[in-house]
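Enquirer: fold the following and give me the result.
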Amino acid sequence: VIDSTRPMDNMKLSLDLPQEDELATNLLSYGRSQYMSLYLMRQASTPTLKSYVSFDDASEEDTRLWCDAFRYLLRKLSAINDGGSGRRRLLLKSPVHTGRVKLLLKLFPEAQFIYLHRDPYRVYQSAANMADKAYPYMYLNTPDNLEIQEFILSQFMQLHRLYIRDRTLIPKANLLELPFKTLTSDPIKAVENIYTHFGWPGFSELAPKLETFQAENKSYKKNAFVPLSSAEKKMIARRWREAFQEFGYPIEGDLKGGSR
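Expert: Alright, predicted model coming up:
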């Protein structure tokens, strides 16, 4: 029914493997999700689709439909996970949640957040790779290259600014900001640090499973991205300067000493 790996990388793909929760919430909420922008990218900048990131400006009905769908999905996952007892924590991963800190805290005041940040140049390369290899399967209308590029650039900054705005709402003990490079260079140590930061029990039981998983996937190859041109690097530095500065990533080229 589906390929054995995702179209944009070498990650295994199966109906039984984890996937972004927002994919399900999109369907359950009848399209009240920013992921609808992938289907209707030529309309991605419209107020309605943009409002589905944070729901700050969404209608009460759209917000209710998304929240109801999200909570229903989590209840179902919890029931499958541990019979609904709540003893086993749900770990959710959808990039769009970066812009929903305020809403997520309203729904789950004790939620804990792991924010992964990455060199913006690599973020752009990864997003462009995904747009080239995965997005065409979803388009209900076909954007041109400039529209795709603008979607990547504007979506990243929208999510970044919303996260920076609202991360102060999270109690310090419930937030961990982690460089992507730290996670990938020593995954097991990074997971141990996550458990330590949040005070989660059970890492000693988890560690052997992580070691086995890592050994089974030692042949995994990361994507080899197309090198960025000088013009692309300048564009990324200009549009995403705030993200470079916020997390201390170096800006290459002439714009390094420029003003914000």
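Enquirer: could you pull out the strands for this structure?
Expert: Along the chain, the segments classed as strands by DSSP state E run 113-117, 175-179.
Enquirer: now those as JSON lines including distance to residue 72, mean pLDDT and mean neighbour count?
Expert: Glycine gets a C-beta too; all of them are placed from N, C-alpha and C. Shown next, in JSON lines, are the strands of the chain (distance: least, CB to CB, whole Å; pLDDT from 0 to 100; neighbours: other CB atoms under 10 Å):
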{"stretch": "strand 113-117", "distance to residue 72": "22", "mean pLDDT": "98", "mean neighbour count": "17"}
{"stretch": "strand 175-179", "distance to residue 72": "26", "mean pLDDT": "98", "mean neighbour count": "16"}
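Enquirer: how about these, which one is nearest residue 205?
Expert: Residue 205 sits nearest to strand 113-117 of all the strands of the chain, at 20.0 Å, using CB to CB.
Enquirer: hmm, back to that, which one of the strands of the chain lies nearest to residue 241?
Expert: Nearest of those (CB to CB): strand 113-117, 14.7 Å.
Enquirer: that closest one packs against which elements?
Expert: strand 175-179, helix 180-185 (3 or more CB pairs under 8 Å, 6 or more residues apart in numbering; DSSP states H and E).
Enquirer: list of residues touching it?
Expert: If you take CB atoms under 8 Å, 6 or more residues apart in numbering as the criterion, strand 113-117 is touched by 98, 101, 163, 167, 170, 174-180, 183, 194, 243, 247.
Enquirer: quick one: the helices in the chain?
Expert: 21-28, 36-39, 47-51, 60-82, 101-107, 120-133, 145-166, 180-185, 187-198, 203-216, 230-239, 241-247 (DSSP state H).
Enquirer: mean pLDDT and distance to residue 9 for the ones you listed - can I get that in a markdown table?
Expert: Listed next are the helices of the chain as a markdown table, based on pLDDT from 0 to 100; distance: least, CB to CB, whole Å:
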| stretch | mean pLDDT | distance to residue 9 |
| --- | --- | --- |
| helix 21-28 | 96 | 17 |
| helix 36-39 | 96 | 17 |
| helix 47-51 | 95 | 26 |
| helix 60-82 | 95 | 24 |
| helix 101-107 | 98 | 27 |
| helix 120-133 | 96 | 8 |
| helix 145-166 | 97 | 17 |
| helix 180-185 | 95 | 13 |
| helix 187-198 | 97 | 16 |
| helix 203-216 | 95 | 17 |
| helix 230-239 | 96 | 21 |
| helix 241-247 | 97 | 22 |
